[in-house]
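*Asks:* everything below, folded, please.
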Amino acid sequence: MAVTLADVAARAGVSAATVSRVLSGNYPVAGATRSRVLRAVEELEYVVNGPASSLAAATSDLVGVLVNDIADPFFGIMASAVQSEMEPEKAGGKLAVVCNTGGSPERELTYITLLQRQRAAAVVLTGSAVEDPGHAEALAARLRRLAAAGTRVVLCGRPPLPEADGDGGQG
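*Replies:* Take a look at the predicted model:
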């Protein structure tokens with residue numbers, strides 16, 4: 001059975017809120033209390049519940065990388081470059097998920113929706129875009145929603161989005 005935040009709190013002799021504050025690092029906590037909590041985390045081998053943290057923070061440690069064909073060396077290099085920039089010492093240990101669209105506009109939109117559901121921290125779209133105005137509009141609308149929700153959107157090797165606000169969330 002998985003160790004819970006409440007288990008850590010009980011072991012450290014503090015409230016669950018205090019454990020949460022120590023782990024988030026966003027609130028001042030006395031040094032001795034912080035040490036007790038971190039010791040309990042280590043002893044119990046507690047791992048933060050990612051989906052629960054995502055709900056609370058409205059974002060996650062997930063980064064989606066959309067590629068046309070992972071077997072194409074270009075896209076493999078792009079995915080590898082994104083991953084190398086997300087190592088713990090550079091980006092706090094984000095997790096890259098490569099989404100292979102196979103060049104399908106429908107699959108591209110589906111992956112973007114799935115990444116939005118997961119509250120992805122960022123979405124990187126690589127390679128050429130589909131030359132269909134309807135798809136371009138649908139894609140632009142979804143990416144604007146992502147950006148408005150705080151997801152960083154990066155277009156790499158793609159043309160700007162139609163009717164984008166300002167920089168259109170492009171980075």
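
*Asks:* mind checking how far S128 is from A40?
*Replies:* 51 Å (CB to CB, to the nearest Å). Yep, even glycine has a C-beta here, placed from its N, CA and C like the rest.

*Asks:* who has more neighbours, the two?
*Replies:* Neighbours around S128 and A40, counted as other CB atoms under 10 Å, are more numerous at A40. The numbers are 21 against 10.

*Asks:* confidence score at that one?
*Replies:* You'll see A40 listed with a pLDDT of 89.

*Asks:* with E89 instead?
*Replies:* Among the per-residue scores, E89 holds a pLDDT of 60.

*Asks:* name the nearest residue to the residue nearest to the spatial centre of the chain, ignoring sequence neighbours.
*Replies:* Among the residues of the chain, the smallest C-alpha distance to the mean C-alpha position (CA atoms, centre = their mean) belongs to L62, namely 2.5 Å. Once flanking residues are discounted, L62 sits nearest to A120: 4.7 Å by CB to CB, 6 or more residues apart in numbering.

*Asks:* in the helix ranked longest in the chain, what's buried?
*Replies:* Among the elements of type helix in the chain, defined by DSSP state H, the one spanning the most residues is helix 133-148. Of the residues in helix 133-148, A136, A138, L139, A140, R142, L143, R144, L146, A147 count as buried by neighbour count, 16 or more other CB atoms under 10 Å.

*Asks:* residues touching the third one, list them.
*Replies:* What that stands for is L139. By CB atoms under 8 Å, 6 or more residues apart in numbering, the contact set of L139 is P105, E108, L109, I112, A129, L161.

*Asks:* still on that earlier bit, CSV please, covering the buried residues of helix 133-148 and showing distance to G76 and pLDDT.
*Replies:* Supplementary listing: these in CSV, determined by distance: CB to CB, whole Å; pLDDT from 0 to 100:
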residue, distance to G76, pLDDT
A136, 26, 86
A138, 27, 90
L139, 23, 90
A140, 27, 90
R142, 25, 91
L143, 24, 91
R144, 29, 90
L146, 24, 88
A147, 27, 88
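
*Asks:* out of these, which comes closest to A2?
*Replies:* L146 (30.3 Å; CB to CB).

*Asks:* so who does that closest one touch?
*Replies:* Taking CB under 8 Å, 6+ apart as the definition of contact, the neighbours of L146 are I112, L115, Q116, A120, V123, V153, G169.
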